[in-house]
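>>> how does the following fold in three dimensions:
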Amino acid sequence: MSVAMQWFRCGGVAAVVLAVAACTSVRPHADYLPNFDFSEYRTFTWISDQPLIRPSGQSDPFVSPLDLQRIQRAIESELTAKGFQQVEDPSQADFVVSFTVGTRDKFDASAYPGYYRGRWGSPYWETMEVYSYTEGVLAIDIFDQALREPVWHGGVRRRITGSQIDNPGELIKAGVAAILKQFPPGGTQPK
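Next comes the predicted model:
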């Protein structure tokens, strides 16, 4: 069993969040509604008291309450640093925020010649190695309060390694910062 799978069985999705957040070698991705004007955004709030969105059709992953809190605080901190003001009353918010974490088992295979003696009838065989690992995903979604529709989605994917859970606070901050660096599109900041 791989190290990643051992951590997954011991720590559940908490390990995923930590590993995904260490995104110095991973490029975050973002998608948004084309031609949407983000320049009017000033205030935000959470989509609900429980902003973790669980994918439908999948079993509920375990996410540490401490990691949930770390993710929320990191998102609040990044948005506030960008000049957005957090409000408690959803009717006063320009946009609402949610996030998702998850995992999937993946496989990599590599093949290379193991032995080759020549082209006059000598045997040739190939060696194949298969590696299993767990990939983690952390995503942040922005919904327009007036439209009640999603307008922006950003996330990172990363292979999980056991060493990436040593400092969850810093890793989560780094992952959230990398994702939200792309929000709002075009770099417009609140006035």
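
>>> what residues of stretch 35-42 count as buried?
Across stretch 35-42, burial judged by 16 or more other Cβ atoms under 10 Å covers 38, 41. (Each C-beta comes from the backbone N, C-alpha and C, glycine too.)

>>> for it, measure first residue to last.
Terminal residues of stretch 35-42 lie 18 Å apart, using Cα to Cα, to the nearest Å.

>>> neighbouring contacts of that stretch?
32, 84-85, 94-95, 144, 151-152, 183-186, 188, 190-191 (Cβ atoms under 8 Å, 6 or more residues apart in numbering).

>>> could you list the buried residues of the helix of greatest length in the chain?
Using DSSP state H, we find that the single longest helix of the chain is helix 65-81. Neighbour-count burial for helix 65-81 flags 67-68, 70-72, 74-76, 78-79 (criterion: 16+ other Cβ under 10 Å).

>>> just confirm Gln182 is within a helix.
No - assigned with DSSP: H, G, I helix; E, B strand; the rest coil, Gln182 falls outside any helix and is coil.

>>> how near is the closest residue to it other than its chain neighbours to Phe95?
With sequence-adjacent residues excluded and distances taken as Cβ to Cβ, 6 or more residues apart in numbering, Gln182 is closest to Ala30, at 4.1 Å. The spacing between Ala30 and Phe95, counted by Cβ to Cβ, to the nearest Å, is 15 Å.

>>> more crowded one of these two?
Phe95 (25 against 17; other Cβ atoms under 10 Å).

>>> was I right to think the more buried one contacts Gln145?
Yes - the criterion here is Cβ atoms under 8 Å, and Phe95 meets it with Gln145 at 5.8 Å.

>>> highest neighbour count among the contacts of stretch 35-42?
Most crowded among the contacts of stretch 35-42, counting by other Cβ under 10 Å, is Phe95 at 25 neighbours.
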